[in-house]
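Chemist: got a sequence here, can you model it:
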Amino acid sequence: MNNGMIIEIHKNMSDYLRSTYGHDFVVEKPALSGNEGFGYHNYYARAYPKEQPDLRFIVNWEKNKGVYDDNYLGTKWTKQGTEVMTRRLREVYGDDFWLEEYWLSYNDKKVKDLDYPDIISKYADKMRVDISYYVFLDNELDKKYEAERAYKILRQNFIDTKTLQFNFIVGYLLKNRKEDLFYVFNSTKKGDGARAQSELYKTGILQNWLLVQYSKRLSEEHSDGFKKVNDINDLLDRFKY
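Modeler: Numbering: from 1, shown residues only. Just a heads-up that it's a prediction; the model follows:
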């Protein structure tokens, strides 16, 4: 890819983002994803709003189709949602938690001017949302008490909103293992097996964890594997041990 083409693609990406969202973005140097020898021409670049350098996303140009696309809205709503969920978790757990990840897959440009509260209240039934957080305990795990607390989060943010699909994961560990947990995450990358709850349990960092996986379609087709959580007793059954 010659320098003149890079400059042109970069300009076109910047123009596309400005015309789509109505404000300026900083677009980094485009790169080719795939193999041009096989006729695959997809170029991508990292970008962020000029006034929000921490809101980084990907913009793509598929040359064969002449189509531009991006995940700006999903990234923005995920960031806003992370801030909301942090506040809600704090209301339940105080400071004894760590929100490892909150992520939503929704990127509809028809509602690009809306912020997270409106997106969740109006369109949760069209999106997938994943959350993973860890609770730091003073003593051994009290399953019933923790199920009651987790259910508050689950019901308010997933059940009552009628979220189409979600993964809800909560890990439990003693406070004196907190630094061990952070060490694992700081020394590995996303997707590394060392971060899996099963591995964290095996190494003695986690006491236990609970997992709720829900999909409206799969729940209707395979009720045994994707049962709804209707109350705290149902959530008690989702602890691994």
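Chemist: give the bridge partners for the spatially most central residue of the chain, please.
Modeler: The centroid of the chain falls nearest to Trp103 when counting by CA atoms, centre = their mean (1.6 Å). Counting by DSSP bridges, Trp103 forms beta bridges with Asp130.
Chemist: wait, it touches Met127, no?
Modeler: No - using CB atoms under 8 Å, Trp103 is not in contact with Met127; the gap is 10.4 Å. Yep, even glycine has a C-beta here, placed from its N, CA and C like the rest.
Chemist: picking up where we left off before, what sits against the residue nearest to the centre of the chain?
Modeler: Trp103 makes contact with Thr78, Val129, Asp130, Ile131, according to CB atoms under 8 Å, 6 or more residues apart in numbering.
Chemist: and what of Tyr123?
Modeler: Tyr106, Asp108, Val111.
Chemist: and the gap between the second one and Gly74?
Modeler: Here the distance between Asp108 and Gly74 works out to 9 Å (CB to CB, to the nearest Å).
Chemist: which of those two has more residues huddled nearby?
Modeler: Gly74 (17 against 13; other CB atoms under 10 Å).
Chemist: secondary structure class for that one?
Modeler: Following DSSP: H, G, I helix; E, B strand; the rest coil, we place Gly74 in the helix state.
Chemist: three-state assignment of the residue nearest to it when sequence neighbours are not counted?
Modeler: Nearest residue to Gly74, sequence neighbours excluded (CB to CB, 6 or more residues apart in numbering): Asn107, at 4.3 Å. Asn107 falls in the coil class when you classify it by three-state DSSP.
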